[in-house]
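Participant: Return atomic coordinates for the entry below.
(one chain, ligands or ions: 1)
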Amino acid sequence: MSLHHRFDGPRDAPVVVLGPSLGTTLDLWAPQLPALTGSWRVLRYDLPGHGGSPARSGITMEDLAAEVLALLDRHGLGAVAYAGVSLGGAVGTTLAVNAPDRIGSLVLCCTSARFGPPGGWRERAALVRREGMGPVAGTAAGRWFTPGFPGAEPYLAMLRGTDPEGYAACCEALAGFDLRGRLGEVRAPALVIAGADDPATPPEHAEVLARGIPGAGLVVVPGAAHLAGVERPGAVTDALTGHLRSTWGTG
Ligand SMILES: O=C(O)CC1=CCC(=O)O1
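Facilitator: Got it, this is the predicted structure:
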């Protein structure tokens, strides 16, 4: 089943795929879009059960990576640049090791090679199946943003609008994900971006990625939690476009 997706930017420009995080839609990347669409063709997608993609059960990170690859195939796209936030970043790292000829440049935002103990993700999956999105949405602001950030509401609304089964399936994909032993296989030039105050994927997780991926750079954004690209759009956009300019087209 195809993931809901959309293209923006010139048809003949180099392609950048943007992957969203658990509980958000492709609009997570809205703050970065204006800086990208002048020079790159941007492909954004929704995770299963998020935004416009139908929910599914029993998915793995490998499945999600395969679905993104299927999107590229369907649109006749060869090698692309890929940037992803959190779960979307894990999809990108998986693609980079499974299909190195298709990922020409990689940006990993607020993500990890392993998102903590699998049990926590299975418990979260059980919670949303039992009680819906309410309890998870009630605590998300504290993970996604630093205290008092005024722009949280549209992103929390994305989470509340997520299909519980789709969200649970993505939690289970996170539970089964551990790429720590394969980071050395990434061939794409990579930049890792972390929020200095991210409680979900703290800078130590970014350091593991940056140490493990050959030649990777690391940027830690001050004053940002998990959704650093929303809370500090300028810093994340600059890091992203700087990396793309030097590795993927002219910018
Ligand atoms: O909402 C969270 O708990 C943070 C998060 C972990 C993986 C992801 O994509 O978001």
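Participant: make it CA atoms for all contacts and neighbour counts henceforth
Facilitator: Noted.
Participant: Close to the ligand: what parts of the stretch 51-200 of the chain are there?
Facilitator: 86-87, 140, 200 (Cα under 6 Å from any ligand atom).
Participant: Quick check: helices, which of those residues are part of them?
Facilitator: 87, 140 (DSSP state H).
Participant: Can you show me the helices along this protein?
Facilitator: Going by DSSP H, the chain shows helices at 33-36, 61-74, 87-98, 118-131, 134-144, 153-160, 164-175, 203-212, 228-231, 233-247.
Participant: Nearest to Cys109, out of those helices?
Facilitator: Shortest distance between Cys109 and the helices of the chain, using Cα to Cα, is found for helix 87-98: 6.3 Å.
Participant: Widest-spaced pair of the residues of the stretch 51-200 of the chain next to the ligand?
Facilitator: Leu87 and Ala140 (15.1 Å).
Participant: on that earlier part again, adding mean neighbour count and mean pLDDT, write the helices of the chain out as JSON lines.
Facilitator: Output for those, formatted as JSON lines (neighbours: other Cα atoms under 10 Å; pLDDT from 0 to 100):
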{"stretch": "helix 33-36", "mean neighbour count": "16", "mean pLDDT": "98"}
{"stretch": "helix 61-74", "mean neighbour count": "18", "mean pLDDT": "98"}
{"stretch": "helix 87-98", "mean neighbour count": "26", "mean pLDDT": "98"}
{"stretch": "helix 118-131", "mean neighbour count": "16", "mean pLDDT": "98"}
{"stretch": "helix 134-144", "mean neighbour count": "16", "mean pLDDT": "97"}
{"stretch": "helix 153-160", "mean neighbour count": "17", "mean pLDDT": "98"}
{"stretch": "helix 164-175", "mean neighbour count": "26", "mean pLDDT": "98"}
{"stretch": "helix 203-212", "mean neighbour count": "20", "mean pLDDT": "98"}
{"stretch": "helix 228-231", "mean neighbour count": "25", "mean pLDDT": "98"}
{"stretch": "helix 233-247", "mean neighbour count": "18", "mean pLDDT": "98"}
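Participant: For Lys187, which non-adjacent residue is closest in space?
Facilitator: One correction, residue 187 is Arg, not Lys. Closest residue to Arg187 apart from its sequence neighbours, by Cα to Cα, 6 or more residues apart in numbering: Pro100 at 6.4 Å.
Participant: since we're on that neighbour, how many residues are nearby?
Facilitator: Per other Cα atoms under 10 Å, the neighbour tally for Pro100 reads 17.
Participant: quick one: contacts for it?
Facilitator: 186-188 (Cα atoms under 8 Å, 6 or more residues apart in numbering).
Participant: Could you check the pLDDT of it?
Facilitator: On the pLDDT scale, Pro100 is placed at 98.
Participant: what's the answer for Gly251, then?
Facilitator: Reported pLDDT for Gly251: 45.
Participant: quick revisit: which among the residues of the stretch 51-200 of the chain next to the ligand gets closest to Ser53?
Facilitator: Nearest member of those to Ser53, counting by Cα to Cα, is Leu87, at 15.5 Å.
Participant: how close does Gly9 get to the ligand?
Facilitator: 26 Å (Cα to the nearest ligand atom, to the nearest Å).
Participant: OK, contacts around that residue?
Facilitator: So Gly9 contacts 36-42 (Cα under 8 Å, 6+ apart).
Participant: Now do it, the pLDDT please.
Facilitator: For Gly9, the predicted pLDDT is 98.
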